[in-house]
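K.L.:
Coordinates for the following, if possible.
(one chain, ligands or ions: 1)
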Amino acid sequence: MNTIILDVRDPQYYDDAVVLVRSFFPRIEVVKTDGNEAAGDPVIRHLPQQDSLFVCPEIPDADAGEDKKTRHETFKRELYRALSAFTGKTLPWGYLTGVRPSKIAFAMLEEGAAEERILEEFEKKHLCRDDKARLALTVAKRERQILGMRDFSDGYSLYIGIPFCPTTCLYCSFPSYPIAGHQAQVEPYLDALIKEMRAAADIMSGRRLDTVYFGGGTPTALTAEQLDRLLTALEDIFSSG
Ligand code: SF4
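P.N.:
Numbers count the residues shown, from 1 in each chain. Next up, the predicted model:
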């Protein structure tokens, strides 16, 4: 198959549909159509004489009293079920895309939900596999444990951003540049970063640094020597604070 033609009658659901269709059909082009198909057509069908698939997901009834988040979840769940039935495939994380699954489990734990209830939510609502549901719960429990060790009154957290990656992913929304084309900027960036770390340590003097987060970008896009310089500076600057 070459192309998937996607007909989403309400534009607010279009992005949900594209991401999910691509998860079932990776590397196949997805194009949009303007919705000229007759009502009552099957949600998914092969187009005759073309190497294409036509997907027309059902849109939740906006007057049914559900809030926006629930309507999007309903839309994704129904489209997932249709795609799964059509392809015979399931996805390990169900229809969850673009979210950190442990965040869902974390929020539920914070609200006091029982573990069984959280697992049920992952499996029945988000259509995740049992092992993935359990993984999200395990990670969320560990996150809570770690957060419980933090000093919220006198401690602080540090974020170190490395805005370089081996290549740039098409969907990236982070500040990131392909490192091969920006080699000349890496060392000056590290110089400026270390200067800023010193300034941050001065500002936070008297408080305890209890979390350091490296992000980007891809911190490991740096060479071992560059990472060593950064980590050594981190230790020098903050261990004396
Ligand atoms: S920051 Fe992440 S998503 Fe963005 S280009 Fe780098 S690896 Fe890809």
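
K.L.:
rest of the way, CA atoms for contacts and neighbours
P.N.:
Will do.

K.L.:
just so I have it, where are all the helices in the protein?
P.N.:
14-24, 68-87, 101-110, 115-120, 130-148, 183-203, 224-239 (DSSP state H).

K.L.:
quick one: the longest one to helix 224-239, angle?
P.N.:
To tie it back to what came earlier, the one meant is helix 183-203. Calculated by axes from the mean of the first three to the mean of the last three Cα atoms, to 10 degrees, helix 183-203 forms an angle of 10 degrees with helix 224-239.

K.L.:
How far away from the center of its chain is helix 183-203?
P.N.:
Mean C-alpha position of helix 183-203 versus that of the full chain (Cα atoms, centre = their mean, to the nearest Å) differs by 28 Å.

K.L.:
What lies in contact with it?
P.N.:
With Cα atoms under 8 Å, 6 or more residues apart in numbering as the test, helix 183-203 has contacts from 179, 226, 230, 233-234, 237-238, 241.

K.L.:
Isn't residue 79 up against residue 57?
P.N.:
Yes - counting by Cα atoms under 8 Å, residue 57 is a contact partner of residue 79 at 6.0 Å.

K.L.:
Show me the shaky parts of this protein.
P.N.:
34-41, 49, 240-241 (pLDDT under 70).

K.L.:
which parts of it sit against the ligand?
P.N.:
165, 168-169, 172, 174, 176, 216-218 (Cα under 6 Å from any ligand atom).

K.L.:
Just the buried residues out of the residues you listed, in PyMOL syntax.
P.N.:
Selecting just the buried residues from the residues of the chain next to the ligand in PyMOL takes one command, with 16 or more other Cα atoms under 10 Å as the test:
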select buried, resi 165+176+216+217+218
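
K.L.:
Which ones among the residues of the chain next to the ligand lie within strands?
P.N.:
165, 216 (DSSP state E).

K.L.:
of all the contacts of helix 183-203, which comes closest to the ligand?
P.N.:
For these, the minimum distance to the ligand (Cα to the nearest ligand atom) is 10.0 Å, reached by residue 179.

K.L.:
I figured the closest one was touching residue 165, is that so?
P.N.:
Yes - here residue 179 reaches residue 165: they are 5.6 Å apart, a contact under Cα under 8 Å.

K.L.:
Overlap of the contact sets of the two?
P.N.:
The contact lists of residue 179 and residue 165 share residue 221, where a contact means Cα under 8 Å, 6+ apart.

K.L.:
Make a markdown table from the helices of the chain and add mean neighbour count and distance to residue 5 to it.
P.N.:
What follows is the helices of the chain, written out as a markdown table (neighbours: other Cα atoms under 10 Å; distance: least, Cα to Cα, whole Å):
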| stretch | mean neighbour count | distance to residue 5 |
| --- | --- | --- |
| helix 14-24 | 17 | 10 |
| helix 68-87 | 17 | 14 |
| helix 101-110 | 18 | 29 |
| helix 115-120 | 16 | 34 |
| helix 130-148 | 16 | 31 |
| helix 183-203 | 14 | 41 |
| helix 224-239 | 14 | 46 |
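
K.L.:
In a markdown table, list those along with distance to residue 159.
P.N.:
Converted to a markdown table, those look like this (distance: least, Cα to Cα, whole Å):
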| stretch | distance to residue 159 |
| --- | --- |
| helix 14-24 | 30 |
| helix 68-87 | 30 |
| helix 101-110 | 19 |
| helix 115-120 | 30 |
| helix 130-148 | 16 |
| helix 183-203 | 10 |
| helix 224-239 | 11 |
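
K.L.:
how about those helices, which one is nearest residue 33?
P.N.:
When these are compared by Cα to Cα, helix 14-24 sits nearest residue 33, at 11.0 Å.

K.L.:
Could you find the closest non-adjacent residue to residue 176?
P.N.:
With sequence-adjacent residues excluded and distances taken as Cα to Cα, 6 or more residues apart in numbering, residue 176 is closest to residue 163, at 4.3 Å.
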